[in-house]
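S.K.: Predicted model, plus sequence, below.
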Amino acid sequence: MSSSFDDLVGQDRVSEVLRGAVLASRSLQESQEMTHAWIFTGPPGSGRSTAALAFAQALICPEGGCGTCSDCSSAKSYGHPDVEIVQTEGLSIKVEEVRELLTRVAWAPSMGGWRVVVMEDADRLTESAANALLKAIEEPGTRTVWLLCAPTLHDIIPTIRSRCRHLQLQTPSPDDIARVLISRYQISSSMADFAARVSQGHIGRAKHLATNEIARSNRDSIMKLPLQLGSLASAFQAAQTLVDLATTEANTASQDRDTREIEKLQEAYGKGATGRGMATGAAKAIKELEKEQKTRATRLIRDSIDSALIEIATFYQDVLMTQSGHADSIVNVDMQNAIESYAKKSPSHSCVQKISAIMEARFKLERNAAPLVTCEALMCQLAKP
Ligand SMILES: [Zn+2]
């Protein structure tokens, strides 16, 4: 039998706890208290929001999360009236946004069961936003269940933390990921193994690589950069290549979504909204949306550069592994020869320095340093023997 929890990969313990909670929620007397607030933590790509969404489906589904009924599918496609998904486009969730959200979820659930709020980036709540949310979580006797997702527990303020039940997701193993790629997306086993290994536990990334030839060729170009750093000029060229590839990858991901969102908004304002007589309201709303989309695009490019840097770091880690006699445990199995010859000519302390230079650059980018300049400085360091 299918279930909304089928989407979770390598999370047996978390699924078990959630299934238990769903059963309890269905047999609860009015006087009994269901856990109203949960925190899902785990590394990027481990499936925090997937787990939260599966739980949301199970709470509102008449069958406890069959994964196929109309409640389950509308929740999954973000269209269920009792399931509110909060996705952050900007860098933070502001107090006004939380107040708006609280007004929206203030009514009783339309179907009489639970109203579920999934907040995908609860780590981005500003302090005042978190305090506004805290009041709602503390409110007794409501039918609203809060599912907050964050990388770690420390990303959530202690007052909220102490009122939530915590679930830690595991990084899925390459075998778990490969199995899903094969069974769910009919990927060949050699491709599935490769994608699962190089994506290091990030399911979305593994699927993207396994199904998208351009993504694989972009990855190839990025992974070759450490081998092309012979001179200062080549270091600057490598920085440019990295930023360009990351930008293209991020833009391809957002273009379709941007267009869809604009169309949806135009539809909401009526057919005339696309023509000459576009109402000022619609024009203003579209302008607002475009502004949000721009912020999101900037964030996506930064995220994309960050993933590229993590991938480049795996090259140097593989060199270190090879130098310490663990060549069979390298991540980039497709580059084994290049890694071996690099390992022979490079002193191991230099690889350690290069990995810390990469981490330093990521840290700077996270604090809004200019991407190209940061990558240029980094590549110059990586170009050193
Ligand atoms: Zn269902």
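M.R.: Done, it's in. Numbering: from 1, shown residues only.

S.K.: Would you mind listing the buried residues in stretch 77-85?
M.R.: 80, 82-85 (16 or more other CB atoms under 10 Å). No exception for glycine: its C-beta is placed from N, CA and C like everyone else's.

S.K.: Can you report how many residues neighbour D6?
M.R.: Other residues lying near D6 total 14 when counted by other CB atoms under 10 Å.

S.K.: Skipping adjacent residues, who's closest to it in space?
M.R.: In space, and not counting its chain neighbours, D6 is closest to G67: 6.1 Å by CB to CB, 6 or more residues apart in numbering.

S.K.: unless I'm mixing things up, the one you found is touching L8, no?
M.R.: No. Checked against CB atoms under 8 Å, the pair G67 and L8 is beyond contact range at 11.3 Å.

S.K.: Look at these two and report which has more neighbours.
M.R.: Neighbour totals were compared for G67 and L8, and L8 leads with 24 against 19 (other CB under 10 Å).

S.K.: Would you confirm that the more buried one contacts S15?
M.R.: Yes. Between L8 and S15 there is a contact at 5.4 Å, judged by CB under 8 Å.

S.K.: Quick check: residues of the stretch 1-150 of the chain near the ion?
M.R.: Within the stretch 1-150 of the chain, the positions adjacent to the ion are 61, 63, 66, 69, 72 by CB under 5 Å from the ion.

S.K.: With adjacent residues omitted, what lies nearest to the second one?
M.R.: If the residues on either side of it in the chain are set aside, E63 comes closest to C69, at 6.4 Å by CB to CB, 6+ apart.

S.K.: just checking, A108 touches R143?
M.R.: Yes. The pair A108 and R143 qualifies as a contact (CB under 8 Å) at a distance of 6.1 Å.

S.K.: Mind checking which of the two has more residues around it?
M.R.: Neighbours were tallied for A108 and for R143 using other CB under 10 Å; the higher tally belongs to R143 (16 against 12).

S.K.: model confidence over whichever strand or helix holds F194, on average?
M.R.: Secondary structure assigned from DSSP states H and E places F194 in helix 189-198. Regarding helix 189-198, the rounded mean pLDDT is 93.

S.K.: With stretch 72-80 instead?
M.R.: According to the model, stretch 72-80 has a mean pLDDT of 91.

S.K.: likewise stretch 131-146?
M.R.: Per-residue pLDDT values over stretch 131-146 give a mean of 87.

S.K.: What are the buried residues along it?
M.R.: Neighbour-count burial for stretch 131-146, with 16+ other CB under 10 Å as criterion, is recorded at 132-134, 136-137, 142-146.

S.K.: what's the first-to-last distance across it?
M.R.: Between the start and the finish of stretch 131-146 there is a gap of 14 Å, counting by CA to CA, to the nearest Å.

S.K.: repeat for stretch 183-193
M.R.: With CA to CA as the measure, the first residue of stretch 183-193 is 13 Å from its last.

S.K.: what's the spacing between it and its chain's center?
M.R.: In terms of CA atoms, centre = their mean, to the nearest Å, the centre of stretch 183-193 is found 22 Å from the chain centre.

S.K.: and what of stretch 57-69?
M.R.: Distance, stretch centre to chain centre, for stretch 57-69: 24 Å (CA atoms, centre = their mean).

S.K.: which residues of this protein score low on pLDDT?
M.R.: Low-confidence regions of the chain, defined by pLDDT under 70, span residues 28-33, 89-91, 112, 141, 271-279.

S.K.: what's the longest helix in it?
M.R.: Determined from DSSP state H, the single longest helix within the chain is helix 280-323.

S.K.: how big is the angle separating it from helix 189-198?
M.R.: Using axes from the mean of the first three to the mean of the last three CA atoms, to 10 degrees, one finds that helix 280-323 and helix 189-198 are set 90 degrees apart in direction.

S.K.: Which other helices and strands does helix 280-323 contact?
M.R.: Based on contacts counted as 3 or more CB pairs under 8 Å, 6 or more residues apart in numbering; DSSP states H and E, the elements that helix 280-323 packs against are helix 213-224, helix 232-268, helix 336-345, helix 348-366, helix 371-383.

S.K.: how about H326, what does it touch?
M.R.: Going by CB atoms under 8 Å, 6 or more residues apart in numbering, H326 touches no other residue.

S.K.: what's the spacing between it and A122?
M.R.: Here H326 is placed at a distance of 38 Å from A122 (CB to CB, to the nearest Å).

S.K.: same deal with A196?
M.R.: Shown here: A196 relative to A122, a distance of 28 Å by CB to CB.

S.K.: Which one of the helices and strands packed on helix 280-323 lies nearest to Q293?
M.R.: The closest approach between Q293 and any of these, judged by CB to CB, belongs to helix 232-268 at 4.9 Å.

S.K.: if we can go back for a sec, mind checking the helices and strands packed on helix 280-323 for the one nearest to the ion?
M.R.: Shortest distance between the ion and those, using CB to the ion, is found for helix 232-268: 25.4 Å.

S.K.: what angle separates the closest one from helix 280-323?
M.R.: With the same axes, to 10 degrees defining the directions, helix 232-268 sits at 140 degrees from helix 280-323.

S.K.: Give the other helices and strands that helix 232-268 contacts.
M.R.: Secondary elements touching helix 232-268 (3+ CB pairs under 8 Å, 6+ apart): helix 213-224, helix 280-323, helix 371-383.

S.K.: Using CSV, please lay out those together with mean neighbour count.
M.R.: Conversion of the helices and strands packed on helix 232-268 to CSV gives the following (neighbours: other CB atoms under 10 Å):
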stretch, mean neighbour count
helix 213-224, 16
helix 280-323, 18
helix 371-383, 20
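
S.K.: ok, now which ones touch the residue nearest to D6?
M.R.: Going by CB under 8 Å, 6+ apart, G67 touches 2-7, 57.

S.K.: give me phi/psi at it?
M.R.: The phi and psi torsions at G67 (degrees, to the nearest 10) take the values phi 80, psi -10.
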